[in-house]
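Peer 1: Predicted model, plus sequence, below.
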Amino acid sequence: MKEKFVAYIKNLQNEITSALEAIDGKAKFKEDIWKRTEGGGGQTRVIENGNVFEKGGVNISEVHGKLPESMQAYFGVKDADFFACGLSLVLHPKSPMVPTVHANWRYFEMYDATGNIVDSWFGGGQDLTPYYLFEEDAIHFHQVCKTACNKHNPAFYETYKKRCDDYFWNAHRDEARGIGGLFFDYLKKTDEMEMQDWYNFVTEIGDSFLECYIPIVEKRKSLSFSEENRNWQEIRRGRYVEFNLVHDKGTLFGLKTNGRIESILMSLPPHVQWKYDYHPEAGSEEYKLVEVLKNPKDWV
């Protein structure tokens, strides 16, 4: 399974970076191939200072080795080895009218002292973080997610949409990071779902990403914006940074397994503001967004 999923994410990385370069029209992805001392490595692809994308990355990793003691305690195992692979992307557009997007699709195996697989699972998802709320964009993003889920189980969308709302929650701010999407983890073999079934589902979601996001970028990338709009974008980016550094399990896993720091922190935007005790004016477009972030909606 791991060889099959590695091949899939390598192909998906090519598809996504090609599509993003085409829509940007200026910037190209820079590829950085890296190795991990303990085992494995990855391909980081970063785009910067484009017509559309101020900064973004579409990274794949394939790492293995001894599971660190801190992670062994987390999983309740001893002397375990692991293999983890995945594709992770974050895109921070230049325009505040274009939303930031995040997605990842990953596979994990854990081994005992004799090298036998003792556990394996898939995880991932995709979610949207707008700075100005266009409800039709939110509906489009969620509808594509729901359509992809429904091909496998009509209950999946509602389940993984709720998990996304719960996971991407800045508890210290009492608000969501964005307007959600899908989040799933620990997708393991069950009586109803073999690992091949989960592979089919996760790759279906991965294949839906460009359909989720590109039409929104096309629609919003040429809209005019003011310095005030840009300031709001940078303030909201600060909340994005807070979530990634305080709550995000993927970031913490990378840091605890001696992951490549540049790739792990690729998700951070280049320009951010933290204004003391800042609150948008009641009734403003900025206020409208915050109200939705504090009270997640069902979009479809």
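Peer 2: Great, that's in hand.
Peer 1: now the strands for this structure?
Peer 2: With DSSP state E as the definition, the chain shows strands at residue ranges 30-35, 40-48, 53-66, 81-93, 100-111, 117-129, 169-170, 175-176, 180-187.
Peer 1: Please write out the alpha-carbon positions of the last one in CSV.
Peer 2: Output for strand 180-187, consisting of C-alpha atoms alone and laid out as CSV, is shown next (Å, rounded to 0.1, in the frame of the first residue of the first chain):
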residue,chain,number,x,y,z
GLY,A,180,-14.0,24.3,7.0
GLY,A,181,-14.2,21.4,4.5
LEU,A,182,-13.1,17.9,5.4
PHE,A,183,-10.9,16.4,8.0
PHE,A,184,-10.3,12.7,8.6
ASP,A,185,-7.7,10.7,10.5
TYR,A,186,-7.0,7.1,11.6
LEU,A,187,-9.0,5.6,8.7
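Peer 1: Can you list the buried residues in it?
Peer 2: Of the residues in strand 180-187, 180-185, 187 count as buried by neighbour count, 16 or more other C-beta atoms under 10 Å. The C-beta positions use only the backbone N, C-alpha and C, and glycine is treated the same way.
Peer 1: again, but for stretch 119-135
Peer 2: Of the residues in stretch 119-135, 119-133 count as buried by neighbour count, 16+ other C-beta under 10 Å.
Peer 1: who are the neighbours in contact with A19?
Peer 2: 210, 214 (C-beta atoms under 8 Å, 6 or more residues apart in numbering).
Peer 1: nope, W274 is what I was after
Peer 2: Residues 235, 238 are the ones in contact with W274 under the rule C-beta under 8 Å, 6+ apart.
Peer 1: And it, how far from R177?
Peer 2: Relative to R177, W274 is positioned 16 Å away (C-beta to C-beta, to the nearest Å).
Peer 1: can you tell me which helix in the protein is longest?
Peer 2: Ranked by residue count, the top helix of the chain under DSSP state H comes out as helix 195-220.
Peer 1: which helices and strands does it pack with?
Peer 2: helix 2-24, strand 81-93, strand 100-111, strand 117-129, helix 135-150, strand 180-187 (3 or more C-beta pairs under 8 Å, 6 or more residues apart in numbering; DSSP states H and E).
Peer 1: Present these as JSON lines; the columns should include distance to S226.
Peer 2: Formatted as JSON lines, the helices and strands packed on helix 195-220 follow (distance: least, C-beta to C-beta, whole Å):
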{"stretch": "helix 2-24", "distance to S226": "22"}
{"stretch": "strand 81-93", "distance to S226": "16"}
{"stretch": "strand 100-111", "distance to S226": "19"}
{"stretch": "strand 117-129", "distance to S226": "20"}
{"stretch": "helix 135-150", "distance to S226": "20"}
{"stretch": "strand 180-187", "distance to S226": "27"}
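Peer 1: just the angle between the longest helix of the chain and helix 135-150, please?
Peer 2: In terms of direction (axes from the mean of the first three to the mean of the last three C-alpha atoms, to 10 degrees), helix 195-220 departs from helix 135-150 by 160 degrees.
Peer 1: buried residues in helix 195-220?
Peer 2: Neighbour-count burial for helix 195-220 flags 195, 198-199, 201-203, 205-206, 208-210, 212-213, 216-217, 220 (criterion: 16+ other C-beta under 10 Å).
Peer 1: How about stretch 272-285?
Peer 2: Residues of stretch 272-285 classed as buried under the neighbour-count rule (16+ other C-beta under 10 Å) are V272.
Peer 1: Same question for stretch 26-35.
Peer 2: Residues 27, 29, 32 are the ones in stretch 26-35 that count as buried (16+ other C-beta under 10 Å).
Peer 1: quick one on the thing from earlier: quickly check the buried residues of helix 195-220 for the two that are furthest apart.
Peer 2: Farthest-apart pair in the buried residues of helix 195-220 is M195 and R220; separation 38.4 Å (C-beta to C-beta).
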